[in-house]
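Asker: Please work out how this folds:
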Amino acid sequence: MLDLSLPTGLRDLLPDHSAHLAELSGRLQQVFASFGYRRLFLPTLERLDVVERGLSAAALADVMKFVEPGSGEVVAIRPDITPQIARLYASRPDALPAPARLCYDGPVLRAREARAGRPREVYQAGVELLGVGGPRSDAEALLVLSKALARVGLGAAVIEVGHARFAAAAIEAAGLPRRALPEAWDALARKDEGVLTRLAARGRGAGAARLALPRLAGLYGDGALPRARSFAREVPACAPALAEVEAALRLARRKGLGEVAVDLGEIRGLGLLHRPHLRRLRAGGGGGGGGRRAVRRIAGTLRAPRTGHRLRYRPRVRHPGAGAARQRPAPARGSSSLAPPGACW
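Answerer: So this is what the prediction gives:
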């Protein structure tokens, strides 16, 4: 008997769901267009060698890939749209304005569920600003993201801001042995000062940097920036990254950016990023750094500065008589964790 069920993690979008998805997409695109971003439509398939340049080995295992019958090439169903932007910019810069403000939306697919019950196919929308860098572009990314969240009903969400190079510079200054780096990154992701203290004792860097290293795990929440300034005075290698974050925040606040959270010890999924980074909502699923690494590795061959962000969402229908969706309490670290209707980040 014919099995009419869908593969695990996939689902049909019925008319109400589809209408909700179209409404979300339309609202986001309105915000992006108001900042001068122009929309792109990109193919679902990419050559695997383009996609894999931005992914770790673990992330690559989640990519749906196969050999194309006609050409024999290994291709992948895109797990993220940002590497495609990088590929387009690197291959056809003459066809794009300078600087290039590009926006996009569309489905992306994972080979496996991120977590049990989570969809493998989600919808991603975002912006990329290519060909211009510095605090002004970082501030613009903050403003676009803030406006986009508000436009889809997530105005209470807290944006978390950090810089991948801050933590990397601190660990480098402490002189940790190479074999200790994975443990250090893991400890930092868990905010484990005890493990960082033990690892710092094995470092061969400056004494001040080794003593300061455990405090890196606490550079989040209220007062994070003043504590980071104190940290950077002891570990000067961290000062340039901190200066970039503070400059971007000053410019964005002058243009109306509301409250944001800061976490200068956040490194999960950020790989090779060297610019200030944004984490939207701490709710699992979205927000990884694979696409950012791809942009760095592909567009970086042109030495093109860039900034951007992405949002992942799925439609959800409110049933008649159901109350408004409630926000879950924010984690103690100061970022927001939401489960709003119509959004999965």
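Asker: And the helices in the stretch 51-200 of the chain, which stretches?
Answerer: 57-60, 82-91, 135-151, 164-174, 181-189, 193-200 (DSSP state H, counting those that start in this stretch).
Asker: Give the other helices and strands that the longest one contacts.
Answerer: Using 3 or more CB pairs under 8 Å, 6 or more residues apart in numbering; DSSP states H and E as the contact criterion, the neighbours of helix 135-151 among helices and strands are helix 15-34, strand 121-130, strand 159-163, helix 239-254, strand 276-279, strand 306-313. The way it works is simple: take the backbone N, C-alpha and C, and place the C-beta from them, glycine included.
Asker: do the fourth one as well
Answerer: Contacts of helix 164-174 with other secondary structure elements, assessed using 3+ CB pairs under 8 Å, 6+ apart, are made with helix 181-189, helix 207-212, helix 239-254.
Asker: Format the helices of the stretch 51-200 of the chain as CSV; extra columns: distance to Leu219 and mean neighbour count.
Answerer: Formatted as CSV, the helices of the stretch 51-200 of the chain follow (distance: least, CB to CB, whole Å; neighbours: other CB atoms under 10 Å):
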stretch, distance to Leu219, mean neighbour count
helix 57-60, 26, 13
helix 82-91, 27, 23
helix 135-151, 18, 21
helix 164-174, 8, 24
helix 181-189, 10, 17
helix 193-200, 11, 18
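Asker: Let me have the ones you listed in CSV, extended by distance to Ala239.
Answerer: Output for the helices of the stretch 51-200 of the chain, formatted as CSV (distance: least, CB to CB, whole Å):
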stretch, distance to Ala239
helix 57-60, 32
helix 82-91, 29
helix 135-151, 15
helix 164-174, 9
helix 181-189, 19
helix 193-200, 20
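Asker: Tell me which of the ones you listed approaches Ala19 most closely.
Answerer: helix 135-151 (17.1 Å; CB to CB).
Asker: I'd like the helices of the stretch 51-200 of the chain laid out as CSV, including mean pLDDT.
Answerer: As requested, those are exported to CSV (pLDDT from 0 to 100):
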stretch, mean pLDDT
helix 57-60, 74
helix 82-91, 88
helix 135-151, 93
helix 164-174, 93
helix 181-189, 90
helix 193-200, 95
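Asker: quick one, which of these is nearest to Tyr104?
Answerer: The nearest among the helices of the stretch 51-200 of the chain, by CB to CB, is helix 82-91 at 7.0 Å.
Asker: and the closest one with strand 121-130, angle?
Answerer: 40 degrees (axes from the mean of the first three to the mean of the last three CA atoms, to 10 degrees).
Asker: Flag the shaky bits of the stretch 1-150 of the chain, pLDDT-wise.
Answerer: For the stretch 1-150 of the chain, the stretches with pLDDT under 70 are 54-56, 113-117.
Asker: Tell me how far stretch 226-233 lies from the chain's centre.
Answerer: Relative to its chain's centre, stretch 226-233 lies at 25 Å (CA atoms, centre = their mean, to the nearest Å).
Asker: What's the mean pLDDT across it?
Answerer: On average, the pLDDT along stretch 226-233 is 97.
Asker: Quick check: buried residues in it?
Answerer: Neighbour-count burial for stretch 226-233, with 16 or more other CB atoms under 10 Å as criterion, is recorded at 227-228, 231-232.
Asker: Can you tell me how far Cys238 is from Ala174?
Answerer: 11 Å (CB to CB, to the nearest Å).
Asker: swap in Ala228?
Answerer: 16 Å.
Asker: can you check Arg233 too?
Answerer: From Arg233 to Ala174 the distance is 16 Å (CB to CB).
Asker: repeat for Ile159
Answerer: Counting by CB to CB, the gap from Ile159 to Ala174 is 29 Å.
Asker: rewinding a little: of the helices and strands packed on helix 135-151, which is nearest Ala148?
Answerer: For Ala148, the closest of those is helix 15-34, at 4.6 Å, according to CB to CB.
Asker: Give me the packing partners of the helix or strand just after the closest one, helices and strands only.
Answerer: Heading C-terminal from helix 15-34, the first helix or strand you meet, by DSSP states H and E, is strand 38-40. Judged by 3+ CB pairs under 8 Å, 6+ apart, strand 38-40 is in contact with helix 15-34, strand 100-109.
Asker: which of those sits most buried?
Answerer: When these are scored by mean count of other CB atoms under 10 Å, the highest mean neighbour count falls to strand 100-109 (a mean of 21).
Asker: Show me what it is in contact with.
Answerer: 25, 28-29, 32-33, 35-42, 44, 64, 77-81, 84-85, 89, 93, 96, 120-131, 312 (CB atoms under 8 Å, 6 or more residues apart in numbering).
Asker: Look at Gly205 and give its secondary structure.
Answerer: coil (DSSP: H, G, I helix; E, B strand; the rest coil).
Asker: if I pick it, what's in contact with it?
Answerer: Neighbours of Gly205 in contact, by CB under 8 Å, 6+ apart: 172-176.
Asker: If we use 7 Å, what do you get?
Answerer: Counting by CB atoms under 7 Å, 6 or more residues apart in numbering, Gly205 touches 173-175.
Asker: Nearest residue to Leu40 in space, please, no chain neighbours.
Answerer: Excluding its sequence neighbours, the residue lying closest to Leu40 (CB to CB, 6 or more residues apart in numbering) is Tyr104, at 4.8 Å.
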